[in-house]
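Participant: When you get a sec, could you give me coordinates for this:
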Amino acid sequence: LMNTSDIVGGLYCPNTGYLDPSNLTTAYHRAASKLGAKVFQNCPVTGIETEDSSHSLQRVTAVRTERGVIRTQRVLNCAGGWAPRVAALAGVSVPLSVMKRTYVISEPITGVRSNPLVYDFGISLYLMPQGESIAFGGFERNPQFVDELPDDFHFSLYEVDWDHFEQHMKNAIHRFPALQSAGVKSTVSGPEAFTPDGYPLMGESPEVRGFFLSCGFGSTGIMFSGGHGQQIAEWIVQGRPSLDMTRYDIRRFGRSYVDNSVWLRERCHEVYSHKGDIKYPHSQLLAARNILKDPLHQELLKAGCVYEVAHGWERPSWFLTSGREPHSASPKPKTAEVLPYDYYGTDGHVKHEDYAYASALELDYTITDHPGCHEMIAAECMACKTGERGDLALCNMSSFGKFLLHGKESRRAINWLCSNDVDEDGKIAWTYMLNKQGGVEADVTVAMLPTDLHSSFMGLSSSASCSDDESDGSPAASDDESDDSGGNEVYYIVCDTHVTTYVEYHIRRVLEEEKMEAALVNATSDVAILRLQGVCAADLLAEITSLDFKSSPASDRRIQVGEEIAGHNTWFMAMKFFNESNYELHLPMSSLVPVYRELKRATEAEDFSGELVNIGFRAMTELRTEVSHCEWGSDVGPTDTPLEAGFGHLCSQEKRYLGSDVIDQQRKKAISRRRVAFVTTDESDNSFPVGGEAVLHDGKVVSHVRHTGYSHFVERFLLYAYLPLPAGGSIYDRAFIDKGLFEIERLGQRYPVRAFLMSPLLTDIHHI
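Facilitator: Down below sits the predicted model:
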């Protein structure tokens, strides 16, 4: 029945099945009713009552309906395309777009009943047997948005737009020629809700405690209903799911742009229209760009920056180094500006021709070779490490999340939140924040600000003067008011860009639950960060400031007092990172450009032998991988503990903190699994792993790859996976990885890899 003349290969899944949605829903209803659930049909919700809690949070208290009020502290929004409207009743923003989805059911065709479901990703088409008929549809390049979904449309359908559906009809006939002569038995055309990244929205709303979400499933609602239903139930009852649901957590979107209608429409359009496309490891969307930019954006663009988007921010990914003139002493980089979204030329939009940014992205789109930007990223990594000519690497990290914690109980709060010891004046600490189960909720750096920096740091944020009701809002109380219990401390917290919302609302929720008198200020848009790395970093900063960086090396990990650069106040955080010394310059966002230009001017002086090399986050990620640093969301997360990840040294044994009971128990009773590093060999260097590959030990699958990267210094891939430990095994015992053969399976082939407890490139774990 299927035309295979243009097919090279495919995957057959013999266990794929089909469920009738109506029958499944009825079964769920009956099962829930037997367990005591009450179902009220035709009972519209007219309002959701909330009350002020603390720390800028609200809390659900009741649901109003046409039949009366239900007093409750938990509400689950499963309203599909109506979810934004229901959420608005509680003051919650839900990023969903509704689109028309259509499929057609053919008249009976002989031989169809025994066929499997067919999904042709190349033409975004699915064909599904229904008895002797075929149901078919797809995801078109020009989706039809539903701008207004009526309240009473829940059992209604649209008339089929046959002109719009023609693209699927042609593709279906091409793949199943028998459809050419088969009639149409029936049609279904209705509204479906889609999210800006294609994944459902789940979890507790950041703004309102007790308001949970499980919506935006698109065309996967029935398929996901069992597993996701179980996880959201655990989330509501136990406080968190038993599986890592980070990919689906509503907190993956930032509050600063989630209400932007242009961002929402453009993102949903591109995600929907390219649903069947291959997703490459470093794919970037062209839609909804330039929403959040820092002042250095244009300056770095002229220097050849290729941008990536993270949590709404445009941040450097890597830099173009092609286009150099053969006899030119300095590079003449091309530029790759992100242009307004062109909707791929659909629905009357003019498609961009010779789009430099899209062409730069295409250098990345391979899974069987190094990407076209491989050598450019390698040059950035080398600038961080070698320093043979005195080169310095500079990364603009201004998109990072920045927070200030202050108030009467800020010391008690930070010590409860952080697993590491963070309570030393001026000291920079790398620490985790854990949940009650000991899982990692956040990976942050924390500095207790010296007293003389309180007013200057707090003055950077436009919202710093706004304190919660329970806080005195006075971080700079006089010295004679302070005592051993604190009350005078201000803590500066920094996290990676994409986890900003996770970190903010984790802290706010803990403060609320523990009823702590402390206030959290989000200073992300007010404070800029430049990271300067290289052997001459201290020398350069000593030249343009009056500070003595030699007597306070980066290994001391301290924050230094404010100093002017080009007339702009700057604070310095010195630390060891990637096995190398680096200095982070923290400064007002408005000072970013002049300070950057002053650093460039200083390195262009005749007596400076090297060059200031701009680097992006691709190089930063590769360097992080080399030293076993966990990346939150990929190889460490809410279901992984620090001991399992190999970072027990970030957990203090001198204090109690959130999750410490679990960590203490793991130290006493050992753990059942351990994060392990793998390095490719000569035989496996052409494997090009991207993550997710199976890990085998003596031919048996024992795990899967959680994170992978490439070391440009040893020219090997590094991979990380969690391996099961023998009963009673120690987390420091190499015996379980020294025996037998480890392999990864990639695209149907197995490749040998060498196992290590930590990256073999790591010389000192405390230098991470």
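Participant: what sits against the nearest residue to Arg315 once chain neighbours are set aside?
Facilitator: Distance criterion CB to CB, 6 or more residues apart in numbering; nearest residue to Arg315, sequence neighbours excluded, is Ser399 at 4.4 Å. For the C-beta atoms, the positions are set from N, CA and C on the backbone; glycine is no exception. For Ser399, the contact set (CB atoms under 8 Å, 6 or more residues apart in numbering) comprises 292, 294, 310-311, 313-315, 497, 524.
Participant: For stretch 633-642, what does the pLDDT average out to?
Facilitator: Throughout stretch 633-642, pLDDT has a mean value of 94.
Participant: Contacts for it next, please.
Facilitator: By CB under 8 Å, 6+ apart, the residues outside stretch 633-642 that reach it are 240, 242-244, 246, 419, 432, 434-435, 437-441, 443, 498-499, 630, 645, 648, 650-651, 659, 662-663, 666, 671, 675, 691, 706-707, 720, 722.
Participant: Using ChimeraX, define a selection of the buried residues within those.
Facilitator: Here is the ChimeraX command that selects only those of the contacts of stretch 633-642 that count as buried (16 or more other CB atoms under 10 Å):
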select :240,244,246,419,432,434,435,437,438,439,440,441,443,498,499,630,645,648,650,651,659,662,663,666,671,675,691,706,707,720,722
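Participant: from the contacts of stretch 633-642, which ones fall inside helices?
Facilitator: Among the contacts of stretch 633-642, the subset assigned to helices under DSSP state H consists of 645, 662-663, 666.
Participant: what's the most distant pair in these?
Facilitator: Ala645 and Val662 (13.5 Å; CB to CB).
Participant: what separates Met382 from Thr708, distance-wise?
Facilitator: In this view, Met382 and Thr708 are 20 Å apart by CB to CB, to the nearest Å.
Participant: Look at the two and report which has more neighbours.
Facilitator: Each of Met382 and Thr708 has its neighbours counted (other CB atoms under 10 Å); Thr708 has more, 24 against 18.
Participant: which ones are touching that one?
Facilitator: 625, 689-691, 717-720.
Participant: Turn those residues into JSON lines, including pLDDT and distance to Pro200.
Facilitator: Rendered in JSON lines, the data for the contacts of Thr708 read as follows (pLDDT from 0 to 100; distance: CB to CB, whole Å):
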{"residue": "Thr625", "pLDDT": "91", "distance to Pro200": "29"}
{"residue": "Pro689", "pLDDT": "94", "distance to Pro200": "28"}
{"residue": "Val690", "pLDDT": "92", "distance to Pro200": "24"}
{"residue": "Gly691", "pLDDT": "93", "distance to Pro200": "21"}
{"residue": "Phe717", "pLDDT": "94", "distance to Pro200": "32"}
{"residue": "Leu718", "pLDDT": "94", "distance to Pro200": "32"}
{"residue": "Leu719", "pLDDT": "95", "distance to Pro200": "29"}
{"residue": "Tyr720", "pLDDT": "96", "distance to Pro200": "27"}
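Participant: buried subset of those residues?
Facilitator: Among the contacts of Thr708, those that count as buried by neighbour count (16+ other CB under 10 Å) are 625, 689, 691, 717-720.
Participant: for those, which one is nearest Arg251?
Facilitator: Ranked by distance to Arg251 (CB to CB), the buried ones among the contacts of Thr708 are led by Gly691 at 22.0 Å.
Participant: a markdown table for the ones in helices among the contacts of stretch 633-642, including distance to Val39?
Facilitator: Listed next are these as a markdown table, based on distance: CB to CB, whole Å:
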| residue | distance to Val39 |
| --- | --- |
| Ala645 | 43 |
| Val662 | 38 |
| Ile663 | 43 |
| Gln666 | 43 |
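Participant: will you turn those residues into TSV that also has distance to Asp197 and pLDDT?
Facilitator: Rendered in TSV, the data for the ones in helices among the contacts of stretch 633-642 read as follows (distance: CB to CB, whole Å; pLDDT from 0 to 100):
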residue	distance to Asp197	pLDDT
Ala645	26	95
Val662	31	97
Ile663	33	97
Gln666	34	93
